[in-house]
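Enquirer: turn this into a structure:
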Amino acid sequence: EDLVVVKTPPKKISIQVEDTKVKRQQGTMSNRSGRSEGEVIVIDWGTSSVRAHLIDKEGRVVGIRRSDKGVGKVSSTAELLSALKLLIQGWECSKVVMCGMIGSRNGLVEVPYVSSPVDALKLAKGCVRLEIGHSSEEREEGCGKRHVWIVPGVACKASEAPSSAEDVMRGEETQIIGCMQTLQENERKGSRLVVLPGTHNKWALMCDGKLERFWTMMTGELFEVIRKYTILSKLMLNDSKDCQTSFLRGVSYAKDGDGGILNSLFSVRTLALFGKLGEDQAESYLSGLLQGTDIKNGLKLPGVSKAIKTNRPVILVGSTRLCNQYASAFKLFGIESEQLGDTSIEGLQLVSEALAGLQLVPLSHPQRHGSGKGEKASRRTQLLNQFQNLMETLPIVAILRGIEPSQVVEVGQVLVDQGIKIIEVPLNSPRPYDSIRLLAKALEGRAIVGAGTVLSSEEVEKVAEAGGVLIVSPNADERVIQRTRQKGLISVPGFQTPSEAFKGLEAGADALKLFPSHQSAAPMLKACMSVFPKGTKVVAVGGIGDRDSIKLFWKVGARGFGIGGALYKAGRSTLEVKKNAKELVSAMEYVLKEEA
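Expert: From the prediction side, this is the model:
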């Protein structure tokens, strides 16, 4: 009854919801004042607006609602939660799957990015689940019980090229995965280019239906800034209509010009100055310039030319107006395209289907769950999925030995902001259970929090009661490992010899901690990896603190790194922790790029 991750705020708010009736073969769904049944509610929650769709068992849309309560227009998590409840009120459906900025740090809960390549199953494994409608107050409000999943965004690591940088998306991944579903099976094979025009354009490469890599272009935002806030704004009418001739003129100038975008932008002024561009044409010309530059540069991205040479059209996903413009621009470059509209519904449906097979449960507050074996097993499944995803993205475990409860939240937030999202508080620190409790609450849904130096079954119980989900030990004690699994938590025991390692694996360890990991231990680990079961994850701890030590143990098989003194020591300021975290993240990413 008290399984509540996000509680209802006492203060009520009102939102305007546009409800659309959707006709079916056997009648029309009831309006918002009635009750409508469905299999799943899918919601695309962006910065400025929200769209919700009720899907029936046959996969048909039977209800549509829209609201202007985007993440950027609300002031608190409580207001977002109230907006969600009002948005889905009256729809008889317990399952809700959401994507977009609702999973950002400004949303309901920050969902960690998963790294590309991704498909619907990997997105499902990275989802974070919330429960609403379980408290007595919510039941009095008429809010039915809902199981809400928030889809993660996707992070794309930089390549070895000097001009390459990391990239992220949150929301577009469901459109990209969804667009593949609309194609015939033979059309999904091989390499395909998908372009999503918008405020921040996305150029995405698909390979056999998976999102392999992508790039973000700030084309739409740059257009708005230039149109409103530069000297060129004086040349444009407020009510300018699209002019296809001027638009294509801008595309052509960008395509054939030699001066680059900084020079071509000034042509808006000079053409108007000499009477060659009217006030009602300047905006369309500017749009063409930017879109043409976008395409010209996009065609130079690695892998794009190969995807186009397959003689299959570029896939355009998004609003009809922008897709029409990009189709015309691509045609001027001699490239055919096809428009698929908005495919976020298809993508969210695919994630929903994948979730059905995973049976995920909330990560937070494990002590609130029942004691049934099935519930604990499914909870462990999600915990392990989250742990593995974080270890793939940035395999650093922060060890906060000696930290005080008064400092732990501030330090934890600094670490998460730098990308380090697995944190352990050793039990030989001052008041460790208080620190774990504070950290687990503050970073709920944003990080995996647990304890180190766990030496007994009783300590496992106390960590679980405090909200910790990760149990790390310096040794391989079967009783500790078994109690960890019984509590549905993640077990990472320590080893220094092959015998200790196999003892831990046989007892049910989820990963192994090589401790201490001095330089002399590297040859031993290399030998062990040749006989360990396939897929064994080893975290090197003790003596790890720079690029060279990370690189050394990565080469011999370690796939995670527990870092203590090089990151945090008792009394160290948050500014020092931030500086150290940046350096360690940079070192880790360097090694990951080398491996890639």
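Enquirer: now do the strands in the stretch 151-300 of the chain.
Expert: 154-156, 167-169, 191-196, 201-207, 210-217 (DSSP state E, counting those that start in this stretch).
Enquirer: of the ones you listed, which approaches residue 435 most closely?
Expert: strand 154-156 (28.6 Å; Cβ to Cβ). C-beta coordinates here come from the backbone N, C-alpha and C atoms, glycine included.
Enquirer: how far does the closest one sit from its chain's centre?
Expert: Relative to the centre of its chain, strand 154-156 is centred 7 Å away, using Cα atoms, centre = their mean, to the nearest Å.
Enquirer: which strands and helices sit next to it?
Expert: If you count contacts as 3 or more Cβ pairs under 8 Å, 6 or more residues apart in numbering; DSSP states H and E, strand 154-156 packs onto strand 114-115, strand 167-169, strand 210-217.
Enquirer: which of those strands has the lowest average pLDDT?
Expert: Ranked by mean pLDDT, the helices and strands packed on strand 154-156 end with strand 114-115 at the bottom, a mean of 86.
Enquirer: after that strand comes which helix or strand?
Expert: helix 120-125 (DSSP states H and E).
Enquirer: any idea which helix or strand comes after that following helix?
Expert: Next element after helix 120-125 (DSSP H and E): strand 128-132.
Enquirer: direction included, what does that following strand pair against?
Expert: Strand 128-132 pairs in its sheet with strand 146-150 (antiparallel), by DSSP bridges.
Enquirer: can you show me the helices along the stretch 251-400 of the chain?
Expert: Secondary structure of the stretch 251-400 of the chain (DSSP state H, counting those that start in this stretch): helices at 260-273, 282-298, 304-308, 320-332, 344-358, 373-393.
Enquirer: need the ones you listed in a markdown table (columns: mean pLDDT).
Expert: As requested, these are exported to a markdown table (pLDDT from 0 to 100):
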| stretch | mean pLDDT |
| --- | --- |
| helix 260-273 | 90 |
| helix 282-298 | 94 |
| helix 304-308 | 89 |
| helix 320-332 | 94 |
| helix 344-358 | 86 |
| helix 373-393 | 72 |
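Enquirer: which one of those helices lies nearest to residue 90?
Expert: Nearest of the helices of the stretch 251-400 of the chain (Cβ to Cβ): helix 344-358, 19.7 Å.
Enquirer: quick one: distance of the closest one to the chain centre.
Expert: For helix 344-358, the distance to the chain centre is 15 Å (Cα atoms, centre = their mean).
Enquirer: which other helices and strands contact that helix?
Expert: By 3+ Cβ pairs under 8 Å, 6+ apart, helix 344-358 packs against strand 40-45, strand 50-55, strand 95-100, helix 120-125, strand 146-150, helix 172-181, helix 373-393.
Enquirer: quick one: the third one to helix 344-358, angle?
Expert: Read that as strand 95-100. If you take axes from the mean of the first three to the mean of the last three Cα atoms, to 10 degrees, strand 95-100 sits at 130 degrees to helix 344-358.
Enquirer: ok, and what's touching strand 95-100?
Expert: With contact meaning Cβ atoms under 8 Å, 6 or more residues apart in numbering, strand 95-100 is reached by 39-46, 71, 84, 88, 127, 146-151, 170-171, 173-174, 344, 347-348, 351-352, 355.
Enquirer: so what strands line up beside it?
Expert: Strand 95-100 has its sheet partners listed here by DSSP bridges as strand 40-45 (parallel), strand 146-150 (parallel).
Enquirer: let me know the average pLDDT across the longest one.
Expert: Averaging pLDDT along strand 40-45 gives 94.
Enquirer: swap in the last one?
Expert: When the per-residue pLDDT values of strand 146-150 are averaged, the result is 88.
Enquirer: the residue nearest the centre of the chain: what's it in contact with?
Expert: In the chain, the centroid-proximal residue (Cα atoms, centre = their mean) is residue 153; its distance is 2.2 Å. Contact partners of residue 153, counting by Cβ under 8 Å, 6+ apart, are 103-104, 111, 113-114, 168-171, 173.
Enquirer: next, count neighbours for the closest residue to it other than its chain neighbours.
Expert: Of all residues not flanking residue 153 in the chain, residue 170 sits nearest, at 3.4 Å (Cβ to Cβ, 6 or more residues apart in numbering). By other Cβ atoms under 10 Å, 22 other residues sit near residue 170.
Enquirer: residues in contact with residue 170?
Expert: With Cβ under 8 Å, 6+ apart, residue 170 has these contacts: 99-101, 103-104, 113, 153-154.
Enquirer: can we see that at 10 Å?
Expert: 46-47, 99-104, 107, 111, 113, 151-155 (Cβ atoms under 10 Å, 6 or more residues apart in numbering).
Enquirer: quick check: it vs residue 294, distance?
Expert: Applying Cβ to Cβ, to the nearest Å, the value for residue 170 to residue 294 is 21 Å.
Enquirer: just checking, residue 196 touches residue 169?
Expert: Yes: here residue 196 reaches residue 169: they are 8.8 Å apart, a contact under Cβ atoms under 10 Å.
Enquirer: overlap in contacts, these two.
Expert: Shared contacts of residue 196 and residue 169 (Cβ under 10 Å, 6+ apart): 175-176, 202, 204, 214, 216.
Enquirer: check contacts around residue 311.
Expert: residue 336.
Enquirer: scratch that, residue 557 is what I was asking about
Expert: Counted by Cβ under 10 Å, 6+ apart, residue 557 has contacts 514, 522, 525-530, 532, 536-538, 540.
Enquirer: and residue 339, by the same measure?
Expert: Going by Cβ under 10 Å, 6+ apart, residue 339 touches 313-320, 322-324, 326-327.
Enquirer: any of those residues buried? List them.
Expert: The neighbour count (16 or more other Cβ atoms under 10 Å) marks 313-318, 322-323, 326-327 as buried among the contacts of residue 339.
Enquirer: adding distance to residue 58 and mean neighbour count, write the strands paired with strand 95-100 out as JSON lines.
Expert: Converted to JSON lines, the strands paired with strand 95-100 look like this (distance: least, Cβ to Cβ, whole Å; neighbours: other Cβ atoms under 10 Å):
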{"stretch": "strand 40-45", "distance to residue 58": "12", "mean neighbour count": "25"}
{"stretch": "strand 146-150", "distance to residue 58": "21", "mean neighbour count": "23"}
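Enquirer: would you turn those strands into CSV with distance to residue 236?
Expert: Converted to CSV, the strands paired with strand 95-100 look like this (distance: least, Cβ to Cβ, whole Å):
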stretch, distance to residue 236
strand 40-45, 31
strand 146-150, 39
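Enquirer: which of those strands sits closest to residue 334?
Expert: Nearest to residue 334, of the strands paired with strand 95-100 and by Cβ to Cβ, is strand 40-45 at 33.6 Å.
Enquirer: starting at the chain centroid, how far to that closest one?
Expert: Worked out by Cα atoms, centre = their mean, strand 40-45 lies 16 Å from the chain centre.
Enquirer: how big is the angle separating it from helix 172-181?
Expert: 130 degrees.
Enquirer: keeping just the C-alphas, turn strand 40-45 into PDB.
Expert: Extracted in PDB, the C-alpha atoms of strand 40-45 (Å, rounded to 0.1, in the frame of the first residue of the first chain):
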ATOM      1  CA  VAL A  40      -1.100   1.100 -22.600                       C
ATOM      2  CA  ILE A  41      -0.900   4.900 -22.500                       C
ATOM      3  CA  VAL A  42       2.100   6.300 -24.300                       C
ATOM      4  CA  ILE A  43       3.300   9.800 -23.700                       C
ATOM      5  CA  ASP A  44       5.800  12.000 -25.500                       C
ATOM      6  CA  TRP A  45       6.600  14.700 -22.900                       C
END
